[in-house]
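Enquirer: Dropping a prediction and its sequence here:
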Amino acid sequence: MALGASDRHATGFLRLAVAYMEWSSGGAIRSGGAQVLYFWHCFLATGFHLPHDLANDFGVLAVLVHHCGGAALVRLCLSADGLHRNISVGRARRRGRSCGTDAARQGRVDEVGLELEPFALKAAKHVVWIAISLWTGFTFVGYFTPIGDLGREVFSWTLGPWETFWLFFYGLATYGNAGWMREQVCKYMCPYARFQGVMFDRDTLVVAYDEQRGEPRGTRSKKTNPQLAGLGDCVDCKICVQVCPTGIDIRQGQQYECIGCTACIDGCNQVMDKMGYAPGLIRYASLNGVSQHLGWRQMIRRVLRPRVLIYSAVLGAIILAAGISLYLRVPIKVDVIRDRNALSREVADGLIENVYRLQIMNTEERPRRLMITATGIGGLAVSGVALPVDIGATATQMFTLNLRAPAENVQKGSNRIEFHIVPIDAAGTSKPDDFLLHEKSVFFKR
């Protein structure tokens, strides 16, 4: 909206109305007759009622002219001498939101209490946020529990205690952050702004206010010559503050709360267009570009400087390392755990036996058949498990197996050995080109 969005008194409401009036050649406020303003009802707080003193003191009359669906046209009549000429006029970018969620409108909805329509809007908004939050918690838990099984457990009310805890934990965190804390998360909790701040310099492209052009700021009529009046281009409408999601004033310089959404640029350019001034009072530029009046091409030429080249090299190295790791990624993960209840035992035929547990995780979306062998000692063989082993898609299985070796080939104490896991196809042919896993362990003899 415009100025005074949070005012409870009559002047604040009049400023909201004046923000959408048509300017005349005589100035911001026409004289010599009643003012008739047409504006959409959705720009006002839903359920807002004109106070009696407003109608009595200022001669205001609000009449509903037309209503169709969610859009209502309202006629507002103001007496000619009921407004002060120094009220600034501006048009802000409409940031229409469903359920009354834009910041300015939400503040006015909060002021009217529990009237039916504002309460319904707020209730609908929070119901939507709760649904989104629970879906977020569900998808997070789905990273660790197969999403199909998790969905069936949710609908059959058979969730385990930990799944239930983490689903509601992530859901509550999302609802608190996005439904209540909102911009406070960006300002005080998110490390992005602090991290970005140390990387900026005066040639970094940011949302910047042209102080040399805009100052001194001040209200004026459309026909006022700012040079003759000793004013800059900024009409001090505060539209840039009204539309900012974190509530900062970009005219005070760079601030860590700025998230670079450029809403202030859109709002300011609309005011500049209304006043007949050149756009770009607030624009996307570097601080050196603004202070030195550099053009866009001149600012772009300064991109290739040591800081940017170093950052680019680091980022390129990270991307290259991530790409190589993804290319070389082995879809099977194996953990070898020795049975600690018995270090070793002697079995028939003079063989020494050790027991191991192999936990195998298949991260692929298809089942795998694996052959397990072991080396490191002459005559070492795998027993106790049917080979090859089968493991399902995206599954984790535990296999208990025995390793046996002739006693004369095993030295007393620990002997280093290595497990080898090789994929095989349906015909039983080994396919080491797919991947070949090697896991080290030890073989004991008393």
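Expert: That came through fine.
Enquirer: What is the distance between the helix or strand harbouring Cys264 and the centre of its chain?
Expert: Cys264 is part of helix 263-275, with elements assigned from DSSP states H and E. On the basis of Cα atoms, centre = their mean, to the nearest Å, helix 263-275 sits 26 Å off its chain's mean C-alpha point.
Enquirer: in it, what counts as buried?
Expert: Ala263, Cys264, Ile265, Asp266, Gly267, Cys268, Asn269, Gln270, Val271, Met272, Met275 (16 or more other Cβ atoms under 10 Å). (Glycine included, C-beta is placed from N, CA and C.)
Enquirer: neighbouring contacts of stretch 342-350?
Expert: Here stretch 342-350 makes contact (Cβ atoms under 8 Å, 6 or more residues apart in numbering) with Ile352, Glu353, Asn354, Val355, Arg404, Pro406, Ala407, Glu408, Phe443, Phe444, Lys445, Arg446.
Enquirer: Tabulate these in a markdown table, adding columns for distance to Ala123, neighbour count and pLDDT.
Expert: Formatted as a markdown table, those follow (distance: Cβ to Cβ, whole Å; neighbours: other Cβ atoms under 10 Å; pLDDT from 0 to 100):
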| residue | distance to Ala123 | neighbour count | pLDDT |
| --- | --- | --- | --- |
| Ile352 | 72 | 23 | 93 |
| Glu353 | 68 | 17 | 93 |
| Asn354 | 65 | 25 | 94 |
| Val355 | 62 | 18 | 93 |
| Arg404 | 70 | 20 | 93 |
| Pro406 | 77 | 15 | 93 |
| Ala407 | 78 | 12 | 91 |
| Glu408 | 81 | 9 | 91 |
| Phe443 | 67 | 25 | 94 |
| Phe444 | 67 | 16 | 90 |
| Lys445 | 73 | 18 | 89 |
| Arg446 | 73 | 9 | 83 |
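Enquirer: how much space between the residue of the chain positioned farthest from its centre and Leu228?
Expert: Most distant from the centre of the chain: Asp349, at 65.7 Å, with distances by Cα atoms, centre = their mean. Separation of Asp349 from Leu228 (Cβ to Cβ, to the nearest Å): 110 Å.
Enquirer: Over to Ala263?
Expert: When Ala263 is compared with Leu228 (using Cβ to Cβ), they lie 32 Å apart.
Enquirer: Low-confidence bits of this structure, can you list those?
Expert: Within the chain, the stretches with pLDDT under 70 are 1-118, 193.
Enquirer: 80 - rerun?
Expert: 1-119, 182-183, 186-188, 190-199, 303-304, 340-343, 426-428, 430-434 (pLDDT under 80).
Enquirer: mind listing the strands for it?
Expert: 35-40, 61-68, 71-78, 206-209, 282-285, 332-338, 345-347, 351-362, 368-375, 381-383, 389-391, 396-406, 413-423, 437-445 (DSSP state E).
Enquirer: Kindly reformat these as JSON lines containing distance to Pro216.
Expert: Formatted as JSON lines, the strands of the chain follow (distance: least, Cβ to Cβ, whole Å):
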{"stretch": "strand 35-40", "distance to Pro216": "29"}
{"stretch": "strand 61-68", "distance to Pro216": "36"}
{"stretch": "strand 71-78", "distance to Pro216": "30"}
{"stretch": "strand 206-209", "distance to Pro216": "14"}
{"stretch": "strand 282-285", "distance to Pro216": "16"}
{"stretch": "strand 332-338", "distance to Pro216": "66"}
{"stretch": "strand 345-347", "distance to Pro216": "92"}
{"stretch": "strand 351-362", "distance to Pro216": "67"}
{"stretch": "strand 368-375", "distance to Pro216": "73"}
{"stretch": "strand 381-383", "distance to Pro216": "86"}
{"stretch": "strand 389-391", "distance to Pro216": "74"}
{"stretch": "strand 396-406", "distance to Pro216": "69"}
{"stretch": "strand 413-423", "distance to Pro216": "75"}
{"stretch": "strand 437-445", "distance to Pro216": "72"}
